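Asker: Structure of the sequence below:
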Amino acid sequence: MGLGNPGKEYEATRHNAAWWWLDQLARDWSFESWRKDRDAHVADGYVGPLRVRLVKPQTFMNLSGAALRSYLGRTGFNAQEDLLVAVDDIAIPVGEYRFRPSGSTGGHNGLKSIQAQLGNMDYPRLRIGIRPVDERRVIGNLADFVLRVMPRDEREMVEALFGRLHSVADTWIREGTQKTASTLGR
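Answerer: Residues are numbered from 1 along each chain as shown. Purely as a prediction, here's the structure:
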């Protein structure tokens, strides 16, 4: 699941970095076209023999957890094994990422919504850095910052990560959360 905001006005904003990655992942893995499914857009496909669903909640960022409702009631669904949440992160420099098997929300409202829906923090997350490398680029008000269009040079740095992020997702799908965490050492 990649967190972002729906609507054309948000497509190129920092808050949608996870959606940029999911869109590229769906293309690279030749997944089906995106379609509406309740509170989300989904794309389905296979990674080896395993059926995988990419999910982009169509609620706004602060309500992202609502897209999980239909999954939580499914027999056998386990967020620790079946859910990987990708999200932008202001604490991580642009061009870098972090994978964690669980942890705090770090103040991120999208992750707060996921945590509220799940009732715990025990789900893996892939944090995509959006903090400017150039310290002259002022962040100012955080809400305004994440909803601004990301400058082209920074977006290129995020997109340059996609190959590595694809590998993280592939390892997570095939080998699970703990193996991914131990392999990355991050």
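Asker: Going by C-alpha atoms from here, please, whenever you check contacts or count neighbours.
Answerer: OK.
Asker: how about low-confidence regions in this protein?
Answerer: Flagging of the chain using pLDDT under 70 yields the residue ranges 185-186.
Asker: Strands of that one, residue ranges please.
Answerer: 35-37, 40-47, 50-57, 85-93, 97-100, 125-131 (DSSP state E).
Asker: May I see the ones you listed organised as CSV, with distance to residue 25 and mean neighbour count added?
Answerer: Formatted as CSV, the strands of the chain follow (distance: least, C-alpha to C-alpha, whole Å; neighbours: other C-alpha atoms under 10 Å):
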stretch, distance to residue 25, mean neighbour count
strand 35-37, 15, 13
strand 40-47, 10, 17
strand 50-57, 9, 19
strand 85-93, 12, 21
strand 97-100, 16, 20
strand 125-131, 14, 24
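Asker: ok, the spatially most central residue of the chain to residue 133 distance?
Answerer: Centrality entry for the chain: nearest residue to the mean C-alpha point is residue 86, 1.6 Å, by C-alpha atoms, centre = their mean. Distance of residue 86 to residue 133, computed by C-alpha to C-alpha, to the nearest Å: 21 Å.
Asker: just residue 15 next, same as before
Answerer: According to C-alpha to C-alpha, residue 15 stands 17 Å off from residue 133.
Asker: More neighbours: the two, which one.
Answerer: residue 15 (28 against 12; other C-alpha atoms under 10 Å).
Asker: Please name the nearest non-neighbouring residue to that one.
Answerer: With C-alpha to C-alpha, 6 or more residues apart in numbering as the criterion, residue 15 has its nearest non-adjacent residue at 5.2 Å, and that residue is residue 146.
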